[in-house]
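predicted model and sequence below, questions to follow.
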Amino acid sequence: MVSPNLIKRNENSQAVEVNANAKKLFQVIYSESLPKDESRQDDIPRIRVSALVSRLAFFYEKVRNAVDYEEEHLLRKNAISRILRRQVMIESVIKDVDSPKIAEHLIVELIRGRYLPNNEIPEAKIGEIALLLDKYIRLKDQMILKINAEIDLKKDINRAKDLVNEKNRLVRWTLALAACEIEDVLGQNRVKQMVVNSMFDVLSQNISLPAGLDQSDLEIQIYLSIGRNYLKLDKDMLSFVLFKYYNSDWLDLGRQGGWDKEVEAKVGRIASGLMDLRQLVEKQLAYSLGKQLDKITRAYSLYFSILAETINEDPAKTYNELQQGEKSFIASIKKVCQKKYKKAKNRLWRAAFRSIIYIFLTKSIFAVLIEVPAIRWLGETLNPISLGINIAFPAILLFLIVFFTRTPNGDNTDKIIAGIKEVAFQGQERRQPIILRPDNRRNWLARGIFNIIYAASFCFSVYVIIRVLDFINFNWVSITIFLFFLAFVSFFSIVVTRGVKELMIVERRENLGSFLIDLFYMPIILVGRWLSRNASKLNVFIFIFDFIIEAPFKILVEIAEDWTKYVKERRDNMQ
């Protein structure tokens, strides 16, 4: 295979000249596509766990993830965060916090849960993760010392309570940041990093803030928007981005010179300002123009991701096609778009299946446990039909929403092609900047009128639904549960179908039908969002898994692992 750097341009063809960022992307993808050295240094000790015990741990992780719905790319990071909380916040009560031991347990548990490959991770990775964890443990300890010094129950008990609560929040936040850095170390991707850098260059040149706003926030907000829309980072990971931004030398602390007084002093300064830093991070995450910025970044994320996938099909061939003109290249883009549409639809069905299991385990069973006793306690008549509908309705509604979710069409693909030309070809860059609109703050009267209209449309929708349910002999308990499911699943369906909708950059055509849906159905979705955010905090199943099942189960797994090693040793001694 010939490197894209070495392919000479044919002077007689209508070649397309790619810009500097696109060339770098070609180079990175080409280097990643080269055959890797498959030779393995067997003398390097690697972390290995029992296959049998690993199956048990993997089954546990599957069940645990089923009752706590998260997107697939966040599962490992969430597992890391969960393990750290258990080892640092819970198990530290009965044993000392030791970074190397925590790092070893962490990697072993990730391998058992199949978040990492078995017998592939070098044992040296334990030392790397331990060094990383040591920073956060020292940061946590110094922060606790500082806040404890400010707590004085005799002077102001309310102030003391606030400080204790803030201390607990900062401990959880610190461990979440540690989990994000560990995930970065374990999941580095050169191609994605190159795409992020290229997209940042393009958006920084094309986007401007309206006059009167602080221009210094624009760069970090663009980077955060890329994280939300291209990398799909959650709030903890975005917080880590900001944490690194405000502490530029954090990643290098303690790596080279060890823990001397200067490094300890730096950690101390960060710990002293950690409370203020967290508030600053929250302020940046709540940026007023973030929604506008996300809408722009979402489109460019799609352009770059499809460009990268098109190049990845065959970097040298694709680069050569561009030397002959853009026709073949555009044909390749269309093929990739169709594959991406089909893949998104398949992923949608997988997500729907996971969601149906999640809803059934965490909501439908819970509804039965509430509905039947409540009906009997209140002296109502149990209606098997209403009970069956409340059990089956969430899954059926989600299935129908997914079934009728449409994939993008040809117009959408044409717009993607135009966007890729803009970000990859010289001479087709955007001429005019995109100026964000100032935040539209309505006066109190307009907000009040709109809120009344929204509330009235919500009440009308609920009234119609109640009348229909009453007609088929639902009692008020069953009606309440049905309305809860309707609101919850209506919002949850937006989360599930997001992957397909993110591929659509053609604006939705407004008509009477869409207007009526927005008027009468959107308030139900907003109620569902509120319920989802608050009900997730009361997920009984997560509490049971994290605080009752997980710690004893992990101890049993450790015992089983030691037993298998013992049996193997006895067997080897017989030879």
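In hand now; what should we look at?

starting at the chain centroid, how far to stretch 157-171?
28 Å (CA atoms, centre = their mean, to the nearest Å).

what of stretch 201-213?
26 Å.

now swap in stretch 421-441 and tell me
27 Å.

show me where the stretch 401-550 of the chain has helices.
Assigned by DSSP state H, counting those that start in this stretch, the helices in the stretch 401-550 of the chain fall at 410-424, 444-471, 476-496, 498-501, 512-520, 522-535, 540-544, 550-573.

actually the stretch 101-250 of the chain, not the one I wrote
Using DSSP H, counting those that start in this stretch, helices in the stretch 101-250 of the chain cover 124-150, 157-186, 190-206, 218-229, 235-246.

show residues contacting the third one.
To tie it back to what came earlier, the one meant is helix 190-206. Helix 190-206 has contacts (CB atoms under 8 Å, 6 or more residues apart in numbering) with 21-22, 24-25, 28-29, 31-32, 218-219, 222-223, 225-226, 230-231, 296-297, 300-301, 304-305, 308, 312, 423, 429-430, 433-434. C-beta here means a position set from N, CA and C on the backbone, and glycine is covered the same way.

got the CA positions of it in PDB?
Provided in PDB are the C-alpha atoms of helix 190-206 (Å, rounded to 0.1, in the frame of the first residue of the first chain):
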ATOM      1  CA  ARG A 190      -5.500   8.600  17.600                       C
ATOM      2  CA  VAL A 191      -8.100   8.900  14.900                       C
ATOM      3  CA  LYS A 192     -10.700  10.400  17.200                       C
ATOM      4  CA  GLN A 193      -8.200  12.800  18.700                       C
ATOM      5  CA  MET A 194      -7.200  13.900  15.100                       C
ATOM      6  CA  VAL A 195     -10.900  14.500  14.300                       C
ATOM      7  CA  VAL A 196     -11.400  16.500  17.400                       C
ATOM      8  CA  ASN A 197      -8.400  18.700  16.600                       C
ATOM      9  CA  SER A 198      -9.500  19.200  13.000                       C
ATOM     10  CA  MET A 199     -13.100  20.000  14.000                       C
ATOM     11  CA  PHE A 200     -11.900  22.400  16.600                       C
ATOM     12  CA  ASP A 201      -9.800  24.300  14.000                       C
ATOM     13  CA  VAL A 202     -12.800  24.500  11.600                       C
ATOM     14  CA  LEU A 203     -15.300  25.600  14.300                       C
ATOM     15  CA  SER A 204     -13.000  28.100  15.900                       C
ATOM     16  CA  GLN A 205     -12.600  29.800  12.500                       C
ATOM     17  CA  ASN A 206     -16.300  29.700  11.600                       C
END
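
give me the angle between that helix and helix 218-229.
130 degrees (axes from the mean of the first three to the mean of the last three CA atoms, to 10 degrees).

next, the angle helix 410-424 makes with helix 190-206.
Using the same axes, to 10 degrees: helix 190-206 against helix 410-424 is 90 degrees.

report the rounded mean pLDDT for helix 190-206.
Across helix 190-206, the average pLDDT comes to 92.

now do the buried residues in the lengthiest helix in the chain.
What stands out as the longest helix in the chain, according to DSSP state H, is helix 327-359. Neighbour counts using 16 or more other CB atoms under 10 Å place 329-330, 332-334, 336-337, 340-341, 344-345, 348, 351-352, 354-359 of helix 327-359 among the buried residues.

centre of the chain to it, how far?
18 Å.

quick one: mean pLDDT for that helix?
The average pLDDT within helix 327-359 is 85.

just checking, what packs against it?
helix 51-66, helix 290-313, helix 315-324, helix 384-403, helix 410-424, helix 476-496, helix 498-501 (3 or more CB pairs under 8 Å, 6 or more residues apart in numbering; DSSP states H and E).

in CSV: those helices, plus distance to R269 and mean pLDDT.
Shown next, in CSV, are the helices and strands packed on helix 327-359 (distance: least, CB to CB, whole Å; pLDDT from 0 to 100):
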stretch, distance to R269, mean pLDDT
helix 51-66, 38, 72
helix 290-313, 29, 92
helix 315-324, 46, 84
helix 384-403, 49, 81
helix 410-424, 41, 91
helix 476-496, 40, 81
helix 498-501, 40, 82
